[in-house]
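J.: Need the 3D shape of this:
(one chain, ligands or ions: 1)
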Amino acid sequence: MVIREANLADAPAIAKVHVDAWRTTYSNLMPAKFLADLSYEERETKWVKILSNIAQDNFTYIAEDEIGQIVGFANGGQERTGDRLYQGELYAIYILKKYQRQGLGYRLISTIATRLIESGISSMLVWVLADNPASGFYQSLGGQQVNQKQIEIATVQLVEVAYGWTDTRRGII
Ligand SMILES: CC(C)(COP(=O)(O)OP(=O)(O)OC[C@H]1O[C@@H](n2cnc3c(N)ncnc32)[C@H](O)[C@@H]1OP(=O)(O)O)[C@@H](O)C(=O)NCCC(=O)NCCS
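T.: This is a model prediction of the structure:
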């Protein structure tokens, strides 16, 4: 498996991983119809926008197998609310179910953290649904629960928690 920075041509494949991973990850948390109605095309449009971002204030990396098939991605950049303690943010990380627990998540998150450090940012947070087993992933990397909020997705009220690292050089990398 290779980790490399994404480019615009990757938008359709990233969108597919994104939607497929939402369907398997959130099947117990979100309505079945909402997940079934997710559209590859709509998600691709969003990824085209992200990957065309000429300001270069966010980074996307993908995990690709030996035949060039994208099986996971992570996306990060500056923290979006102006938090004073956590200046970087992991916006999203998704790996196809079949490829989880093989070390790819760690490789992707540490690539984002390293890229943030190269931009002068060594603190980072990530928002995750409280009931998502991914919390265990962030905890295993030393993430501390630092915030909590309620969100609504498809008319369902859900709790999101933020895991933070004040120094990503200790823990993630
Ligand atoms: C969460 C996710 C990114 C983790 O990536 P991964 O490649 O599966 O994880 P890794 O193999 O790098 O795991 C590294 C370590 O983290 C911990 N870990 C990973 N997933 C875990 C889980 N579900 N529960 C508890 N601990 C976990 C383990 O200690 C693991 O080491 P081990 O496998 O040797 O025990 C991936 O599983 C995923 O894409 N899940 C579905 C989508 C999702 O929930 N994304 C996050 C949204 S905020």
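J.: Next, the residue lying closest to Leu96 once chain neighbours are set aside: phi, psi?
T.: Once flanking residues are discounted, Leu96 sits nearest to Val71: 4.9 Å by CB to CB, 6 or more residues apart in numbering. Placement of C-beta: from N, CA and C, glycine included. The phi/psi pair for Val71 (degrees, to the nearest 10) reads phi -120, psi -10.
J.: number of nearby residues for Leu108?
T.: 24 (other CB atoms under 10 Å).
J.: wait, Glu79
T.: Neighbours of Glu79 under the rule other CB under 10 Å: 22.
J.: Helices of this structure, start to end?
T.: 11-25, 32-37, 40-51, 104-118, 134-140 (DSSP state H).
J.: related to what we said a few turns ago, OK, contacts around the residue nearest to Leu96?
T.: Going by CB atoms under 8 Å, 6 or more residues apart in numbering, Val71 touches Met1, Val17, Ala63, Glu64, Asp65, Ile95, Leu96, Lys98, Tyr99, Leu104.
J.: Tell me the spacing between it and the ligand.
T.: Per CB to the nearest ligand atom, to the nearest Å, Val71 is found 10 Å from the ligand.
J.: Repeat that for Pro12.
T.: Relative to the ligand, Pro12 is positioned 19 Å away (CB to the nearest ligand atom).
J.: Surely that residue touches Tyr40?
T.: Yes. Between Pro12 and Tyr40 there is a contact at 7.4 Å, judged by CB atoms under 8 Å.
J.: where are the low-confidence patches of the chain?
T.: 54 (pLDDT under 70).
J.: What parts of it come near the ligand?
T.: Residues of the chain that fall close to the ligand, judged by CB under 6 Å from any ligand atom: 21, 25, 93-95, 100-106, 126, 128, 132-134, 136-137, 140.
J.: picking up where we left off before, widest-spaced pair of the contacts of Val71?
T.: Spatially, the most separated pair among the contacts of Val71 is Glu64 and Lys98, at 14.4 Å (CB to CB).
J.: Tell me which of the two has more neighbours.
T.: Glu64 (19 against 9).
J.: pretty sure the more buried one contacts Glu5?
T.: No. Here Glu64 does not reach Glu5: they are 11.0 Å apart, not a contact under CB under 8 Å.
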